[in-house]
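[1] what follows is a predicted structure for the sequence shown.
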Amino acid sequence: MRAFVYDQARELDASAFADYLDPRTTAVISIDMHRGHLDDSPDCPCPAPRARELVAPIDAFHDQVRALGGRIVHVKSVLRPGGADDVGGIPSAWRRTFPLHIGPIPNADAHAIEGSPWTEWVTRVEPGDLRVENKRRLSAFYPTDLDFLLRNQRITTVVLDGGFTDCCVLNTAFDANNHNYRVIVLRDLVRGTDAHLEAAALSMVSLHLGLVMESADLLDQWRANRA
């Protein structure tokens, strides 16, 4: 089984990670693939341009997961109208710190506001998929009902795709690990602020939180387990 440890490809004994590789107890968590990050408009309130290239590959991966009977949970950031739980209260830290690196974000206050076009999905969501639509901070677990949903589905492993690798994906990986889930992050289906931070985040996952794999390698393992 191929995985990546500190950014280096390694062949691992799949039997040593059997609890990570059972598709029956696994859910794919797709994070923040919505217009608020992916729209190419200058009004995009929190642009993640490196993640735009992931839309078609993520859709293709999800189709293969569905074909294998796997479960997919789409998670997105949504704030109350008026921003009572963010800009209208105690603003998220990134609103002050991220612009120090990338410069001003003209429409940042519109990010993730309920009912706005910025919360519309860009990746495809099928009727049989599950959704968590009240992510208010960086982790898909806080303060959402994702943990409740996963435990009711008897999920023990989460597979993460989406963005940002060094922000919401990494925070979700830490929270999943702290909730005692097995964690897999798909390095070909996540994108970070830049290549440097992306590699750093994936290296941290590989050392402390779980497996870093390519989506094709994971699908091969699932098909082998089903056979």
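    Cool, got the structure.

[2] tell me which residue is most central in the chain.
    Most central residue of the chain, judged by C-alpha distance to the mean C-alpha position with Cα atoms, centre = their mean, is Ile31 at 3.3 Å.

[3] next up, phi/psi of that residue, please.
    Recorded main-chain torsions at Ile31 are phi -110, psi 120, according to degrees, to the nearest 10.

[4] quick check: pLDDT value at it.
    On the pLDDT scale, Ile31 is placed at 98.

[5] make sure it is actually in contact with Leu170.
    No - here Ile31 lies out of contact with Leu170, judged by Cβ atoms under 8 Å, at a distance of 10.4 Å. In short, each C-beta sits where N, CA and C put it, glycine included.

[6] and the nearest residue to Tyr20 once chain neighbours are set aside, what does it touch?
    What sits nearest to Tyr20 in space, not counting adjacent residues and going by Cβ to Cβ, 6 or more residues apart in numbering, is Arg182, at 4.6 Å. By Cβ atoms under 8 Å, 6 or more residues apart in numbering, Arg182 lies in contact with 19-20, 156-158, 210.

[7] give the buried residues for the longest strand seen in the chain.
    Among all segments of the chain classified by DSSP state E, the strand with the greatest residue count is strand 182-191. Buried positions in strand 182-191, judged by neighbour count with 16 or more other Cβ atoms under 10 Å: 182-187, 189-191.

[8] who touches the nearest residue to Arg80 once chain neighbours are set aside in this structure?
    When the adjacent residues along the chain are set aside, Arg80 lies closest to Glu114, with 5.9 Å between them (Cβ to Cβ, 6+ apart). For Glu114, the set of contacting residues under the criterion of Cβ under 8 Å, 6+ apart consists of 78-81.
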